[in-house]
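Asks: Here is my input; please provide its structure:
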Amino acid sequence: MAAFKRLVIVGGGSSGWMAAAAAATTLRGVEVTVVESEEIGIIGVGEAAFPSIRAFNELLRISEADFLRATRGSFKLGIQFRDWLHPGHSYFHTFGDFFPMEGSMALWGQYRRQRESVDWHFDELNIASLMARQGRFAVPQVPPGQEAPFNYAYHFDAQLYAAYLRRLAEQRGARRVEGRIVEVLRRPDGGVAQLRLADGRLVEGDFYLDCSGFSSLLIGKALGVPFVDESQWLPVDRAWAVPVQRMPGELTPYTRSTALEGGWSWRIPLQDRTGYGHVFSSHFIGEERAREQLLAQVDGEPLAEPRLLRFTTGYRQTHWLHNVAAVGLAGGFLEPLESTAIYLVQATLARVMPLLDAATPPTPAAVEGFNNVQLRQYQRIRDFIVLHYCLTQRRDSALWRHMAEMKLPDSLAYKIRAWRQLGMLVVYDHEGFDANSWLSIHAGMDHWPEHQSPWLDEVPPSFAMHYMQSRRNAIAETVQRVPPHDEFLRRYLG
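Replies: Next up, the predicted model:
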């Protein structure tokens with residue numbers, strides 16, 4: 001039996017009900033309570049995810065088709081980046097692979113060796129990217145024991161997902177308490193003893209998950225854990241968001257990110273609408289001008305007035321203190337360029353749940369290890385997002401000049417030097433993104449090693465070209481047999 005018998009989750013929304021559903025499904029003999037107030041709104045703009053959501057849903061025994069129906073979801077192969085290198089340029093970062101990655105036949109190495117002789121883009125050697133380019137999708141079918149040639153994620157309505165998980169969690173024994181927390185009562189050792197609600201009721205637990213969003217009610221306000229501000233490397237601090245009526249026609253199986261004067265816009269297609277947003281830095285563009293630029297991007301009728309969100313990029317110095325652990329925005333926020341918000345919730349829960357399920361409380365060393373991993377993961381993802389900015393050739397506005405000239409975090413600067421000078425894709429532990437993803441950004445931004453590996457010369461150029469062309473042709477033939485995304489989705493959902 002678990003050492004913590006009463007788990008209290010502070011806040012609902014996506015992170016709160018993800019935590020509740022995971023706890024109600026996996027923890028043995030634990031009473032799960034969610035304290036949520038209807039007076040407090042939720043962010044609710046996160047509509048794109050990372051492939052990890054599939055494993056999370058499988059853990060909860062959620063049918064993929066049921067999930068997509070309940071959340072108005074669609075499939076996601078990756079992200080199209082428009083105008084990031086320079087205006088008019090675009091590339092894809094998808095969840096496919098560029099195997100082989102090493103040796104004399106390393107795909108990227110042979111392409112770099114002969115790229116002046118080809119008139120097609122490197123990502124055409126990736127089946128997921130070519131499917132995305134053509135607006136096609138099908139769930140990969142592979143024999144048992146074999147690995148699929150690509151992965152995928154979803155676009156979905158985050159508020160509907162939270163409601164879906166709430167029903168599931170309550171069916172599995174979680175209890176919801178409606179109320180606004182007005183006081184956090186502390187234990188002698190500094191931990192949280194009880195929560196006082198506005199109507200005077202007290203809620204008591206043995207352990208607390210802080211899912212209170214940007215307010216960080218427990219880990220930030222009550223326990224006073226400092227916030228590590230990373231805006232010196234990621235200065236965007238605002239976002240306009242608006243739902244738009246989906247126009248008839250193609251339902252693209254990818255998110256779109258378009259670089260703009262003071263930031264970038266997103267486009268996320270759902271079954272019944274399209275989500276648009278503009279993430280920007282108020283240091284480089286005014287809020288009203290950013291709003292105008294967002295509305296200029298939309299391809300349908302807005303269904304509501306654009307909503308403004310304010311934030312600071314960064315994370316809490318400690319994510320687990322005493323009997324409180326932070327989950328989601330309460331622990332930190334990194335701009336949604338690569339759709340990592342929900343991934344970070346899932347990764348945190350994957351580390352928290354085994355510690356809460358143990359028969360004895362975790363040791364100080366285990367808690368320290370948890371905190372170290374959390375910080376490393378935020379920093380690794382921070383570096384991956386900064387990579388998109390620092391490789392730009394744009395100098396047409398103050399933001400892009402600033403991002404191209406700023407000093408980089410040492411961890412990212414080392415990675416870039418290793419790639420540029422040696423052709424090495426350095427991947428640390430707890431990255432979130434593998435070597436294929438790093439290669440996608442380098443190649444997409446036309447950033448190649450300065451020197452050619454001598455091992456590549458072991459392969460005659462004609463043989464290497466034939467190999468690449470054969471692979472490209474085989475991928476193109478396969479993709480031609482894949483149905484359009486909207487057609488597949490209709491059939492899949494019946």
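
Asks: which residues does Leu59 contact?
Replies: Residues in contact with Leu59, defined by CB atoms under 8 Å, 6 or more residues apart in numbering, are Ala22, Thr25, Thr26. Where C-beta positions appear, they are placed from N, C-alpha and C, glycine not excepted.

Asks: List the single closest residue to the residue nearest to the spatial centre of the chain in space, sequence neighbours excluded.
Replies: Closest residue to the average C-alpha location of the chain: Thr340 at 1.6 Å, with CA atoms, centre = their mean. Spatial nearest neighbour of Thr340, excluding adjacent residues (CB to CB, 6 or more residues apart in numbering): Ile381 at 5.4 Å.

Asks: Could you say which helix or strand holds the one you found?
Replies: helix 364-390 (DSSP states H and E).

Asks: buried residues in that helix?
Replies: 367, 370-371, 373-375, 377-390 (16 or more other CB atoms under 10 Å).

Asks: Show the secondary-structure elements that it is packed against.
Replies: For helix 364-390, the packing partners by 3 or more CB pairs under 8 Å, 6 or more residues apart in numbering; DSSP states H and E come out as strand 314-316, strand 320-321, helix 341-357, helix 398-405, helix 410-422, helix 435-444.

Asks: sorry, back to before: which of the contacts of Leu59 has the most neighbours?
Replies: Most neighbours among the contacts of Leu59, by other CB atoms under 10 Å: Ala22, with 25 neighbours.

Asks: In three-state terms, label the nearest residue to Asp486 once chain neighbours are set aside for me.
Replies: Nearest non-adjacent residue to Asp486, counting by CB to CB, 6+ apart: Leu251, 3.8 Å away. Three-state assignment for Leu251 (DSSP: H, G, I helix; E, B strand; the rest coil): coil.

Asks: For burial, what's the neighbour tally of Leu251?
Replies: Counted with other CB under 10 Å, Leu251 comes out at 22.

Asks: again with Gly262
Replies: Gly262: 24 surrounding residues under other CB under 10 Å.

Asks: hey, which of the helices and strands packed on helix 364-390 is tucked in deepest?
Replies: Ranked by mean neighbour count, the helices and strands packed on helix 364-390 are led by strand 320-321 with a mean of 24 (mean count of other CB atoms under 10 Å).

Asks: all helices for this structure, in order.
Replies: According to DSSP state H, the chain carries its helices in the segments 13-26, 52-59, 64-71, 107-114, 127-133, 158-171, 287-297, 341-357, 364-390, 398-405, 410-422, 435-444, 461-480, 485-492.

Asks: quick one: contacts of the fifth one?
Replies: Looking back up the chat, that one is helix 127-133. 77-78, 80, 92, 94-96, 123-124, 137, 149-152, 252-254, 440, 475-476, 478-479, 482.

Asks: Any of the residues you listed buried? List them.
Replies: Counted by 16+ other CB under 10 Å, the contacts of helix 127-133 give 77-78, 80, 92, 94-96, 123-124, 137, 150-152, 252-254, 440, 475, 479, 482 as buried.

Asks: what about the stretch 1-150 of the chain, any weak spots by pLDDT?
Replies: The stretch 1-150 of the chain contains residues with pLDDT under 70 at 1, 40-46.

Asks: so where do the strands sit in it?
Replies: Ranges of strands within the stretch 1-150 of the chain are 6-10, 31-36, 74-76, 78-82, 90-94, based on DSSP state E, counting those that start in this stretch.

Asks: Note down every partner strand of the third one and its orientation.
Replies: Put plainly, it is strand 74-76. With DSSP bridges as the test, strand 74-76 is paired with strand 153-155 (antiparallel).

Asks: if we look at the strand it pairs with, which residues are touching it?
Replies: 47-54, 67-68, 71, 73-76, 95, 255, 268-270, 275, 339.

Asks: again, only this time at 6 Å
Replies: For strand 153-155, contacts defined as CB atoms under 6 Å, 6 or more residues apart in numbering pick out Glu47, Ala48, Ala49, Phe50, Pro51, Ile53, Gly73, Ser74, Lys76, Ile268, Leu270.

Asks: coming back round to it: got the contacts of Leu59 as a markdown table, with distance to Ala241 columns?
Replies: Shown next, in a markdown table, are the contacts of Leu59 (distance: CB to CB, whole Å):
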| residue | distance to Ala241 |
| --- | --- |
| Ala22 | 27 |
| Thr25 | 31 |
| Thr26 | 33 |
